[in-house]
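Participant: Structure of the sequence below:
(2 chains)
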Amino acid sequence: MDRFRWTLIALLLIGGLPWASGCSQSAEPAGTVGTLTLATTTSTRDSGLLDVLVPLFETESGIDVKVVAVGSGQALELGRRGDADVLLTHAPAAEVQFMDDGHGDQRDPVMHNDFVLVGPETDPAEVGNETAAIEAFRRIAGSETPFISRGDDSGTHMKERSIWESAEVDPQGEWYVRAGASMAEALRMASEKRAYTLSDRGTFLAQRKRLDLAILFDGDPLLHNPYTVIVVRSEKHPDVNHDAAVQFSEFLRSPRVQTAIDEFGVERFGQPLFFSERSPASDD
Amino acid sequence: MFPVAAEFLPIVRLSLVVSGTAVLISSSIGVPCGVWLGLSRWRGRRAIAVMIHTGMALPPVVIGLLLYLLLSRSGPLAFLGWLFTPEAMIAAQTILALPFVIGITVSSVAAVPTELGSQIKSLGASDWQCRWTILREARRGVWLAVAAAFGRSLSEVGAVLIVGGNIQGHTRVLTTAIILETSKGRFEFALALGAVLLLVALLVNALILRLQENRWVA
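Facilitator: Numbers count the residues shown, from 1 in each chain, chains lettered A, B, ... in the order given. The predicted model follows:
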């Protein structure tokens, strides 16, 4: 009978078929041995670095890694609540606070790159001639040239706010846009609106060919951007997969992986996006 | 082209699993509730109806946030271990779809002429037989309820992003993949995913329409 056939097909399509093949493998609850939840910043995902490192770790350890990519602020919050086992973030001040509050077992540097101030090639605020980041920021505020702020409590946003603070400028007004956007989105917005923005070098290089932006200021030690790996303390949250987190932290800091970090992106972008803690360039 | 297809398939499959399961659960709860509410005549019914219709306007991100707080390892439902799993996404979409199923079922059941009920009762039908007959009469509206629930589930993004985490190969569905690709500036891929989403919706709704016309509820 026609309607029975249709019913059968409908049930298979809506419920049965995909269920049988799809859900069973992913039904494993978080926190069991064999699954590791990594909360990290969007820059490590958007640059493609994790697409290289995570599969490598999974094959070697047999541990299934779930990557949740959010802003550093949210990543630390996930760790604080015990919803992530290990964190890879770039927000030094907030990380120190996190450790002081007793939420982390260990915190180790993994790699770094730097922040760059990008904007329209014509450099309307003339930041290019400055030697200090705070002076460059003051010029933007002084000329009220549009500036896109991430506005999302990410590591980049925290860095940007700390620079405004050091420059003793309270950014207010039409020119200061609080976007609430990811790095790549903020860059695109800056490109469209002919505005300035602060970006990590990695994401800017990865996005550059889609953007009408240039690096106008860099090199100030203030713009250093360190990434650290934090193992979430298991005493507060017994479900946290502590062993796998330690294993992942050690993996990231192993000589092999440090070399892989230095080599990542060289072929595609002509220069590395991240510098490992072991690379010669880490002396700065 | 083929590696792209390999990226597509797990995402499409998970979208169907999550939204399909959410629709199955919300329908099996919502249709009986809707029939009962549509046939009962008591004082608080209007207030309930207003609440259900408000439920249709529930912002997915708010449901996502509430569910996240419940399912978090610091939350009361931590023992389920559902955070960042498809189960959490199914729960979120079930909650979001339920008001649509109940609301539309109530309206279509209430639209069946009341004489029908009294007629078959006078022929000696039991309460359950009576409800069943009215449900059959209202089947077009009930299938519409299912279609609306599916549309709501499939196109929703805020809740599954928060409770699922958009984890590649694990909790990434069509809508969260579109958000991600858009944020990365891969507009072509995002658009292609959008086209796939529409295609999936088209196929499922064609199927539902077919069921509607085939008088299957009988």
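
Participant: got the CA positions of the helix or strand hosting residue A:51 in CSV?
Facilitator: Using DSSP states H and E, residue A:51 sits in helix A:49-61. Only the C-alpha atoms of helix A:49-61 are listed here, as CSV (Å, rounded to 0.1, in the frame of the first residue of the first chain):
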residue,chain,number,x,y,z
LEU,A,49,46.7,25.5,13.2
LEU,A,50,44.4,23.2,15.2
ASP,A,51,43.4,21.3,12.0
VAL,A,52,47.1,20.3,11.9
LEU,A,53,47.8,19.6,15.5
VAL,A,54,44.6,18.0,16.8
PRO,A,55,44.5,15.1,14.3
LEU,A,56,48.1,14.4,15.1
PHE,A,57,47.4,14.2,18.8
GLU,A,58,44.3,12.1,18.2
THR,A,59,46.2,9.5,16.2
GLU,A,60,49.0,9.3,18.6
SER,A,61,47.0,9.1,21.8
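
Participant: Flag the shaky bits of the stretch 1-150 of chain A, pLDDT-wise.
Facilitator: For the stretch 1-150 of chain A, the stretches flagged by pLDDT under 70 are A:1-33.

Participant: hmm, 90 instead?
Facilitator: A:1-34, A:42-48, A:70-73 (pLDDT under 90).

Participant: the strands in it, which residues?
Facilitator: A:35-40, A:64-69, A:86-89, A:104-119, A:147-149 (DSSP state E, counting those that start in this stretch).

Participant: Is any residue of the second one near chain B?
Facilitator: Yes: using C-beta under 8 Å from any C-beta of the partner chain, strand A:64-69 comes into contact with chain B via A:66-69. For every residue, glycine as well, the C-beta is placed using N, CA and C.

Participant: for that strand, packing partners?
Facilitator: Other helices and strands packing on strand A:64-69, by 3 or more C-beta pairs under 8 Å, 6 or more residues apart in numbering or on different chains; DSSP states H and E, are strand A:35-40, helix A:42-46, helix A:49-61.

Participant: That strand versus strand A:35-40: what angle between them?
Facilitator: On the basis of axes from the mean of the first three to the mean of the last three C-alpha atoms, to 10 degrees, strand A:64-69 is oriented at 20 degrees to strand A:35-40.

Participant: Now for the residue of chain B found nearest chain A, how many residues are close by?
Facilitator: Residue nearest to chain A within chain B (C-beta to the nearest C-beta): residue B:81, separated by 2.8 Å. Neighbourhood size, residue B:81 [other C-beta atoms under 10 Å in any protein chain shown]: 20.

Participant: Is it in contact with residue A:239, as I believe?
Facilitator: Yes: between residue B:81 and residue A:239 a contact is recorded at 7.5 Å, counting by C-beta atoms under 8 Å.

Participant: Contacts only, for residue A:67.
Facilitator: Residue A:67 is in contact with A:38, A:40, A:45, A:50, A:54, B:167-168, counting by C-beta atoms under 8 Å, 6 or more residues apart in numbering or on different chains.

Participant: And the residues you listed, which two are furthest apart?
Facilitator: A:40 and B:168 (12.5 Å; C-beta to C-beta).

Participant: So which of these two has more stuff around it?
Facilitator: residue A:40 (25 against 19).

Participant: That one pairs with what?
Facilitator: residue A:69, residue A:88 (DSSP bridges).

Participant: So which residues of the chain form helices?
Facilitator: No chain in the question, so chain A it is. Using DSSP state H, the helices of chain A run over A:2-11, A:17-26, A:42-46, A:49-61, A:72-80, A:92-100, A:133-143, A:155-166, A:183-193, A:201-207, A:242-253, A:255-263, A:266-269.

Participant: my bad, the chain I had in mind was chain B
Facilitator: Under DSSP H, chain B gives helices at B:2-39, B:45-55, B:60-71, B:86-110, B:114-122, B:127-137, B:139-155, B:158-164, B:174-184, B:187-213.

Participant: Could you tell me the least trusted of the ones you listed?
Facilitator: When these are compared on mean pLDDT, helix B:114-122 scores lowest, with a mean of 84.

Participant: list the helices and strands it packs on?
Facilitator: Using 3+ C-beta pairs under 8 Å, 6+ apart, helix B:114-122 is in contact with helix B:127-137.

Participant: Show me which positions of the helix it packs on end up buried.
Facilitator: B:130-135, B:137 (16 or more other C-beta atoms under 10 Å in any protein chain shown).

Participant: do the same with stretch A:102-115
Facilitator: Counting neighbours by 16+ other C-beta under 10 Å, one finds that the buried residues in stretch A:102-115 are A:103-105, A:107, A:110-115.

Participant: Just the closest of the residues you listed to chain B, please.
Facilitator: Among these, and counting by C-beta to the nearest C-beta, the member closest to chain B is residue A:103, at 11.2 Å.

Participant: so residue B:190 sits right up against residue B:175, yeah?
Facilitator: No: judged on C-beta under 8 Å, residue B:190 makes no contact with residue B:175 at a distance of 10.7 Å.

Participant: For residue A:131, which of the strands of the stretch 1-150 of chain A is the nearest?
Facilitator: It is, among these and with distance given as C-beta to C-beta, strand A:104-119, at 12.7 Å.

Participant: now that closest one and helix A:255-263, what's the angle there?
Facilitator: Using the same axes, to 10 degrees, strand A:104-119 lies at 10 degrees relative to helix A:255-263.

Participant: Show me what strand A:104-119 pairs with in its sheet, parallel or antiparallel.
Facilitator: strand A:196-200 (antiparallel), strand A:214-217 (antiparallel), strand A:224-232 (antiparallel), strand A:275-276 (antiparallel).

Participant: Just give the closest residue to the residue in the stretch 151-284 of chain A that chain B sits nearest to, not the sequence neighbours.
Facilitator: Nearest residue of the stretch 151-284 of chain A to chain B (C-beta to the nearest C-beta) works out as residue A:182 at 4.6 Å. Excluding its sequence neighbours, the residue lying closest to residue A:182 (C-beta to C-beta, 6 or more residues apart in numbering or on different chains) is residue B:183, at 4.6 Å.

Participant: ok, now which ones touch the one you found?
Facilitator: Going by C-beta under 8 Å, 6+ apart, residue B:183 touches A:42, A:46, A:181-182, A:184-185.

Participant: a markdown table for these, including neighbour count?
Facilitator: Formatted as a markdown table, the contacts of residue B:183 follow (neighbours: other C-beta atoms under 10 Å in any protein chain shown):
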| residue | neighbour count |
| --- | --- |
| A:42 | 27 |
| A:46 | 23 |
| A:181 | 20 |
| A:182 | 28 |
| A:184 | 24 |
| A:185 | 21 |
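
Participant: Brilliant, that's me finished.
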